[in-house]
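J.: need a structure here:
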Amino acid sequence: MDLRKPDSSHHAATLEPLLERTDAELAAVERQIGAAQKALRRLRRAAREGDLAGLPSRMTEAAEAMERAAVPLRATADGFTYDTAAAFADGSYLEELATAARQADLALVRRDGRITAYPVVLRLDAKAGAVRVGKKLDRRIRPSFLVAELKKLQSRPNRFNARAFLDRLLKPYTLLARAETPSWRHDRPGDGPLAALADLYEILTFFPTAAVDYPIEEFACDLLRLDRDPGARSSRGYRFEFAGSTGKKGAKRLTLFDEQGEQHDYFAIRFVLDS
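T.: All right, here's what the predicted structure looks like:
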């Protein structure tokens with residue numbers, strides 16, 4: 001059974017009803033297997049007790065019961081064909097996923113080639129026949145199931161540590177701030193210069209593996225979490241201020257969509273040390 005074998009007739013059927021029908025067929029097979037197990041237990045009891053007269057009929061009974069289970073299972077296996085690569089490529093899978101998301105009240109945003117379900121970005125991997133959820137490759141792609149998993153992900157407790165994140169940002173920020181304003185000193189009270197968040201991210205992920213472990217989408221999620229904690233301060237007492245596109249000319253925009261599908265844009269940040 002090749003789930004990715006091109007077959008336009010099967011691809012025309014959407015995945016959700018196909019799997020629902022398959023599940024129902026397998027439930028019937030499961031009942032047949034239950035009957036076969038009972039027949040096999042009777043056969044084993046005849047063997048243990050030495051019921052030689054009844055043993056041949058018990059063998060026939062068990063064999064026929066197993067065959068009755070095998071026939072519909074083979075039919076289900078032979079009839080199940082879904083062209084995953086084609087469904088990913090033509091957008092039909094995404095449409096089905098979006099429908100499941102709407103039914104579950106999950107904000108699924110498709111924009112600029114990205115599929116976002118806060119706090120993760122989804123990527124379709126046609127070669128693997130799977131969906132990458134954040135950094136994890138998940139082969140369980142039934143739309144309703146995947147949406148339920150995303151809902152669970154959203155409901156997990158937020159373990160974001162704003163102070164630790166600010167401490168992490170402050171190190172590359174100090175380098176950029178001194179280059180931008182040589183007179184700036186990190187221990188001097190006042191507003192620091194604006195630094196582009198995209199530039200801070202580049203410094204944070206300077207080594208090649210760092211960007212894989214900490215993708216820019218996750219960085220944007222941390223910015224939103226920080227934005228939701230406006231009173232946060234670093235361990236040195238710095239508070240932060242975000243600036244829009246007009247605050248730092250030429251700063252690259254980092255965009256994120258939250259649980260309600262609302263767009264958040266981040267350009268630049270400054271650290272402020274109060275007197």
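
J.: Three-state assignment for Arg132, please.
T.: Using DSSP: H, G, I helix; E, B strand; the rest coil as the criterion, the local structure at Arg132 reads strand.

J.: give me the neighbour count for it.
T.: 15 (other CB atoms under 10 Å). Any C-beta I mention is one placed from the backbone N, CA and C, and that applies to glycine too.

J.: same question for Ala220.
T.: Count around Ala220 with other CB under 10 Å applied: 23.

J.: equivalent analysis for the one 3 residues further on, please.
T.: Other residues near Leu223 number 22, with proximity taken as other CB under 10 Å.

J.: Tyr118 now?
T.: Neighbour tally, Tyr118, other CB under 10 Å: 24.

J.: please apply the same query to Thr255.
T.: Counted with other CB under 10 Å, the neighbours of Thr255 add up to 15.

J.: equivalent analysis for Thr60, please.
T.: By other CB under 10 Å, neighbour count at Thr60 equals 12.

J.: would you mind measuring from it to Arg188?
T.: 93 Å (CB to CB, to the nearest Å).

J.: dump the C-alpha coordinates for stretch 246-266 into CSV.
T.: Written as CSV, here are the backbone C-alpha positions of stretch 246-266 (Å, rounded to 0.1, in the frame of the first residue of the first chain):
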residue,chain,number,x,y,z
THR,A,246,9.5,54.6,11.7
GLY,A,247,11.7,54.1,14.8
LYS,A,248,14.5,52.3,13.0
LYS,A,249,14.9,53.1,9.4
GLY,A,250,15.5,50.0,7.2
ALA,A,251,14.8,47.6,10.0
LYS,A,252,13.4,44.3,8.7
ARG,A,253,9.9,43.4,9.9
LEU,A,254,9.3,40.3,12.0
THR,A,255,5.7,39.2,11.7
LEU,A,256,3.7,36.9,13.9
PHE,A,257,0.0,35.9,14.2
ASP,A,258,-1.3,35.1,17.6
GLU,A,259,-4.0,32.7,18.8
GLN,A,260,-6.8,34.9,17.5
GLY,A,261,-5.0,35.4,14.2
GLU,A,262,-4.1,39.0,15.0
GLN,A,263,-1.0,40.3,13.3
HIS,A,264,2.0,41.6,15.4
ASP,A,265,4.9,43.3,13.7
TYR,A,266,8.3,43.9,15.4
